[in-house]
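> Fold the stuff below for me.
(one chain, ligands or ions: 1)
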Amino acid sequence: MRNPHIHTELPGPQARAMLARDRAVSSPSYPRDYPFVMSHGRGTEVWDVDGNRYLDFVAGIAVCSTGHAHPQVVQAVKDAADRFLHISSDFWHEHFTGLGERLAAIAPMGEPAMSFLCQSGTESVEGALKLARYVTGRPRFLGFLGGFHGRTMGALSFTSSKYTQQKGFAPTMPGVTHVPYPNTYRPLFAGTDQGRAVLDYIRTLFERNVPPTEVAAILVEPIQGEGGYLVPPAGFLAGLRALCDEHGILLIFDEVQSGVGRTGKMFACEHWGVRPDIVTSAKGLGSGLPIGAVIAKRRLMEQWQRGAHGNTFGGNPLSCAAANATLDLVRGQYAANAAAVGEHFIGRLRELAGAYPCIGEVRGKGLMIGMELIEADAERTPARALCERLVTRAFYNGLLLLSCGVSTVRFMPPLCVTGGEVDEAVELLRGSLEEALQGAGR
Ligand SMILES: Cc1ncc(COP(=O)(O)O)c(C=O)c1O
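So this is what the prediction gives:
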């Protein structure tokens, strides 16, 4: 297909030159799928160094929540930079405390909350794990197969969405037991209620293998992200809450990907009205500036002694200023936009699924949407190669996408995306799918 916004062959000459320089000096471990070399962006649109324009339905992996270069966020960062670039979390400043107040106002605990600020998702998970061990005095944890929580050693012990993430790094932190995440499209257990089946599985584990009195916390993504954009069945998160309450276990929701308005609510857990003890946040929180937060019930976090946990860069003024502007925008308009445009988007993708049997399922909430590709056989065999070809073809046609799970394309555009941009993306997707089905790749 021909997109009038793509003027050069891809990658273009400037991009090719950059890729050649980069190959010599950058780690090959980055999981880069296709050669997009960015020049600049506005809202949902991005341009490469050769002047080609794309629709960005990746948003820096669910990070650019307010779109690229939102003027209010950029101004807040500029104003902060004019005053000072750094002071460290050993001291106080307005943006730091202002962010703590905003996070306390949106915390989904249903009771007073406090925050610990850091720079990334994986650090927010580390902080949550340390807090859980500290306040319970218990050593063990439960995590979920297919989960992704980051790549530092503590978080990595839980991460299990792809084989390559742990390979070569063992032993990771001991004491973590993985259990299946309920998957209604690919049921692992007999019966129709996969959520209840997983809860029964955990109960059996608690009777036979893992003493619940030794478990500090259960760490779970309210919607599983890297593992395939899986939405849990009704009652599952509430069931986990009840199990935790029964055994004095803390419930940690990792909302690094699903939080900050992405699903149409500030936190995804609000869709089910289930209240965690601790929530992790990062990605969309700073619209692109590095920031993460451990948000916990105040009665838990206030138990941390002075010096129990700390850092140098946490609460950096530029990141906090960006986060404050982001939260004001997301609460003001973009969470509602994510809900409304997300519904339209899911509808358009389901129409497409009606025409293409290789689209097995379209699922998600708000603008956290997955489209699982299959071989269109009775076994619903995951169409891994087709998925890879589709993501690649979409790039060549001017649409940035990423995959997750085994064969799921995920859509995570900025929360300011318009219905018109979604319609344009769906047409690019349709053309790319046609090409991918005919075997085209690069
Ligand atoms: C749910 C979840 N937790 C944690 C992380 C790790 O975040 P970061 O890459 O900022 O360390 C991610 C990143 O994809 C994530 O999706």
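
> Tell me what residue 410 is bridged to.
Residue 410 has these beta-bridge partners by DSSP bridges: residue 370, residue 402.

> Quick check, pLDDT for the residue in the chain positioned nearest to the ligand.
Across the chain, the shortest distance to the ligand (Cβ to the nearest ligand atom) belongs to residue 121, at 2.2 Å. For glycine as for every other residue, the C-beta is placed from the backbone atoms N, C-alpha and C. Residue-level confidence at residue 121 comes out at 98, pLDDT.

> so is residue 263 in a helix, a strand, or just coil?
Secondary structure assignment for residue 263 (DSSP: H, G, I helix; E, B strand; the rest coil): coil.

> Hmm, it is touching residue 343, no?
No: with contacts counted by Cβ atoms under 8 Å, residue 263 stays clear of residue 343, the gap being 11.5 Å.

> Who has more neighbours out of the two?
The residue with more neighbours, out of residue 263 and residue 343, is residue 263; 28 against 15, by other Cβ atoms under 10 Å.

> Bridged to residue 364, which residues?
residue 369.

> returning to what we had before: show me the residues around the residue of the chain closest to the ligand that make contact.
Contacts for residue 121 (Cβ atoms under 8 Å, 6 or more residues apart in numbering) come out as 149, 150, 254, 256, 257, 280, 282, 283, 292.

> so is residue 202 in a helix, a strand, or just coil?
Residue 202 ends up helix, using three-state DSSP.

> what about the residue nearest to it when sequence neighbours are not counted, how many neighbours?
Of all residues not flanking residue 202 in the chain, residue 179 sits nearest, at 5.7 Å (Cβ to Cβ, 6 or more residues apart in numbering). Number of residues near residue 179 (other Cβ under 10 Å) recorded here: 18.

> same thing with residue 396?
Using other Cβ under 10 Å, residue 396 has 19 other residues around it.

> just checking, it touches residue 11?
No: taking contacts as Cβ under 8 Å, residue 396 lies outside contact range of residue 11: 9.9 Å.

> pretty sure residue 439 is touching residue 390, no?
No: applying Cβ under 8 Å, one finds residue 439 not in contact with residue 390, separated by 11.7 Å.

> When these two are compared, which one has more neighbours?
Neighbours per residue, other Cβ under 10 Å: of residue 439 and residue 390, the larger number sits with residue 390, 27 against 9.

> Where do the helices of the stretch 151-300 of the chain begin and end?
Using DSSP state H, counting those that start in this stretch, the helices of the stretch 151-300 of the chain run over residues 153-156, 163-166, 194-208, 236-247, 298-301.

> ok, now which ones touch residue 279?
107, 108, 109, 252, 253, 255, 259, 267, 269, 294, 295, 296.

> Could you report the neighbour count for the residue nearest to residue 199 when sequence neighbours are not counted?
Counting by Cβ to Cβ, 6+ apart, residue 239 is the residue found nearest to residue 199 once chain neighbours are left out, at 4.3 Å. Using other Cβ under 10 Å, residue 239 has 22 other residues around it.
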